[in-house]
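# below: sequence and its predicted model.
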Amino acid sequence: MNKELAMDADAAVRHMRFGKLPERIRREDMTAEVEATPGGTGDTYTPENSWKFYSCVALDLGL
């Protein structure tokens, strides 16, 4: 009987702590629309800056 009372107390504590789920977040609240600028933002490929985006394990290791 004592074990049953202890389990009920534990269940009550769990219910007080985790009993209610947080409210749902709507998809509209999770996204933001941003107007794109015509002509791009400068993310196009330029040969002068291509070394910034190049990754090679052999070069990283100095081989």
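Ah, there it is.
# hey, which helix or strand in this structure has the poorest pLDDT?
Of all helical and strand segments in the chain, the minimum by mean pLDDT, DSSP states H and E falls on helix 57-61, at a mean of 74.
# who does that one touch, helix- and strand-wise?
Using 3 or more C-beta pairs under 8 Å, 6 or more residues apart in numbering; DSSP states H and E as the contact test, no helix or strand touches helix 57-61. C-betas here are computed from N, CA, C, even on glycine.
# now do the buried residues in it.
By 16 or more other C-beta atoms under 10 Å, helix 57-61 has no buried positions at all.
# and the helices in the protein?
2-18, 27-30, 57-61 (DSSP state H).
# including distance to residue 46, could the ones you listed go into CSV?
Output for those, formatted as CSV (distance: least, C-beta to C-beta, whole Å):
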stretch, distance to residue 46
helix 2-18, 53
helix 27-30, 34
helix 57-61, 20
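# check those for me and report the most buried one.
helix 2-18 (a mean of 9; mean count of other C-beta atoms under 10 Å).
# in the protein, where is pLDDT below threshold?
1-7, 39-45, 49-55, 63 (pLDDT under 70).
# one more time with 80
Counting by pLDDT under 80, the chain shows low-confidence ranges at 1-7, 21, 36-63.
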